[in-house]
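In: Need the 3D shape of this:
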Amino acid sequence: MKSHREVINKWGSPLVLATDIGMGEKPNPVYKWRKSGRIPPHRWLAVSEAARKRGWQDITVELLDFLDSQARADPC
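Out: All right, here's what the predicted structure looks like:
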C-alpha cells in the first residue's frame with residue numbers, strides 16, 4: 001500500500017469501510033477521507049481492526065502512520 005486512499009479502496013467502497021468501522025449510518029466522512037487521501041489518526045485503530053477482521057494483516061496502525069508521514073513529507 002502506498003497511500004491511505006489505497007487502504008480505503010481495499011474495501012471496494014467507502015460505504016463498506018464505514019460499515020466495518022461502525023460508521024455505516026453516516027458514511028460521508030469516509031467518502032471525504034478517500035477524496036482527501038487521508039484517514040484521520042483517531043480512526044486508525046478502528047480501520048486496522050476492521051482490516052484484521054477481514055484477514056488483511058498488512059493494514060496496521062503503524063502502516064497508516066507511515067503512510068501519513070510520507071504524505072506529509074511529500075504533499076505532491
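
In: shaky segments in this structure?
Out: 75-76 (pLDDT under 70).

In: which stretches of it form helices?
Out: Under the criterion DSSP state H, the chain contains helices at 4-10, 14-20, 28-36, 44-53, 61-73.

In: Tabulate those (TSV), appending mean neighbour count.
Out: C-beta coordinates here come from the backbone N, C-alpha and C atoms, glycine included. Shown next, in TSV, are these (neighbours: other CB atoms under 10 Å):
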stretch	mean neighbour count
helix 4-10	19
helix 14-20	19
helix 28-36	16
helix 44-53	18
helix 61-73	14
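
In: if I look at the closest residue to L64 other than its chain neighbours, how far off is G55?
Out: Counting by CB to CB, 6 or more residues apart in numbering, W44 is the residue found nearest to L64 once chain neighbours are left out, at 4.4 Å. Distance of W44 to G55, computed by CB to CB, to the nearest Å: 19 Å.
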